[in-house]
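K.L.:
generate coordinates for the sequence data below:
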Amino acid sequence: MVAAARAVETGRPDALARDTYAEHFVRAASACAGWPVRPEEVADGEADPLWGRLGRYFALRTRVFDDHLLRRTGAGVRQVVLLGAGLDARAYRLPWPPECTVFEIDQPEVLAFKQRTLDRLGASPRTHRVTVAADLRHDWAEALVTAGFDPARPTAWLAEGLLLYLPSAAESRLIDTIDAHSARESSLTYEVKFIKAESAAVRTSPVYVAARERIGVDLLALFDADPRPDSATDLTERGWRTAVRTPFHYSRRLGRGPRPEPNDALAANHWVFATRSSGTTRSTQS
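P.N.:
Okay, here's the model as predicted:
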């Protein structure tokens, strides 16, 4: 679904992010036959709750996280870890600086599907890319280190669209593991929902209904129902500087992307940006 959204976005004249590989991932999956991969295949454009509004949300998230990783590597960080990398093609499409390594962690079948598709295209990464087959609900740090990761060097960690689906205890373990393997000037960026339970009006919003009825993806069933840990506060207490932003902050800044609406399925989504360094820590929210 995210790959299809990125594919549609790629064809927009005002694209927030471009991913020429996304269309091929969608077409390689038989279950996605008939899904749109170009803007002209979405009859209602941005008014479409699924491929318009939710699709532009995914594109906005991609753009913001792309920009963040490039800022971090532009500042000298040379290790990037994509947690739950899925069909993320960042190693292939972003202009990475020299001597950068992008580690992609995901389950073996996901990485295998992705590699088959990329191999058929004859695609080559734009930096050193290392895949690590692991389940992030369990122990994965040893496999990452064995693959060449150096915890003594600053790292840019990214968990895009991951923590929402993990059990609460698994999220806490993930934060513990990242903290234990992060040198000074490492960063962690991730998405969370700041809400205990969504109201009935939100649960029946067009975004959720369209995903369920049109493509058979029940997002609400995928979200873990356990009370979520406050990982942003936890990181601040561990000595990380943290900033929390809503997607709408970036919609306003970029002049594109979803805007708030009543009973909004996106309203609880927040993006956390944390950096480990010395000095006084702070936490901000907007």
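K.L.:
what about this structure, any weak spots by pLDDT?
P.N.:
Counting by pLDDT under 70, the chain contains low-confidence residues at 196, 278-286.
K.L.:
which stretches of it form helices?
P.N.:
In the chain, the helices defined using DSSP state H lie at 2-10, 22-28, 55-74, 90-93, 108-121, 141-146, 168-180, 200-203, 206-215, 219-222, 231-237, 247-254.
K.L.:
what is the neighbour count of residue 17?
P.N.:
Per other Cβ atoms under 10 Å, the neighbour tally for residue 17 reads 22. C-beta: built from backbone N, CA, C; applies to glycine.
K.L.:
identify the residues contacting it.
P.N.:
6, 9-10, 59, 62-63, 66 (Cβ atoms under 8 Å, 6 or more residues apart in numbering).
K.L.:
now with 6 Å, please.
P.N.:
59, 62-63 (Cβ atoms under 6 Å, 6 or more residues apart in numbering).
K.L.:
and the residues you listed as TSV, adding neighbour count and distance to residue 146?
P.N.:
Converted to TSV, the contacts of residue 17 look like this (neighbours: other Cβ atoms under 10 Å; distance: Cβ to Cβ, whole Å):
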residue	neighbour count	distance to residue 146
59	25	35
62	23	29
63	19	33
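K.L.:
follow-up on the earlier one: which of the helices of the chain sits most buried?
P.N.:
helix 2-10 (a mean of 26; mean count of other Cβ atoms under 10 Å).
K.L.:
next, the distance between the ends of stretch 239-258.
P.N.:
End-to-end distance of stretch 239-258 (Cα to Cα, to the nearest Å): 33 Å.
K.L.:
go on, stretch 148-168?
P.N.:
End-to-end distance for stretch 148-168, by Cα to Cα: 29 Å.
K.L.:
contacts for that stretch?
P.N.:
The list of residues contacting stretch 148-168 from outside it, by Cβ under 6 Å, 6+ apart, reads 65, 69, 72, 77, 79-84, 103, 171, 178, 181, 183, 185-193, 222-224, 226, 229.
K.L.:
can you point out the buried residues in it?
P.N.:
Residues of stretch 148-168 classed as buried: 149, 154-164, 166 (neighbour count, 16 or more other Cβ atoms under 10 Å).
K.L.:
cool, and stretch 36-53?
P.N.:
Counting neighbours by 16+ other Cβ under 10 Å, the buried set in stretch 36-53 is 36-37, 39, 42, 46, 48-53.
K.L.:
can I get those residues in TSV with distance to residue 244?
P.N.:
Listed next are those as TSV, based on distance: Cβ to Cβ, whole Å:
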residue	distance to residue 244
36	32
37	33
39	32
42	31
46	26
48	29
49	26
50	27
51	28
52	26
53	22
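K.L.:
circling back: export the helices of the chain to CSV and tack on distance to residue 99?
P.N.:
CSV is the format used below for these (distance: least, Cβ to Cβ, whole Å):
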stretch, distance to residue 99
helix 2-10, 27
helix 22-28, 27
helix 55-74, 10
helix 90-93, 14
helix 108-121, 22
helix 141-146, 19
helix 168-180, 23
helix 200-203, 46
helix 206-215, 41
helix 219-222, 37
helix 231-237, 28
helix 247-254, 30
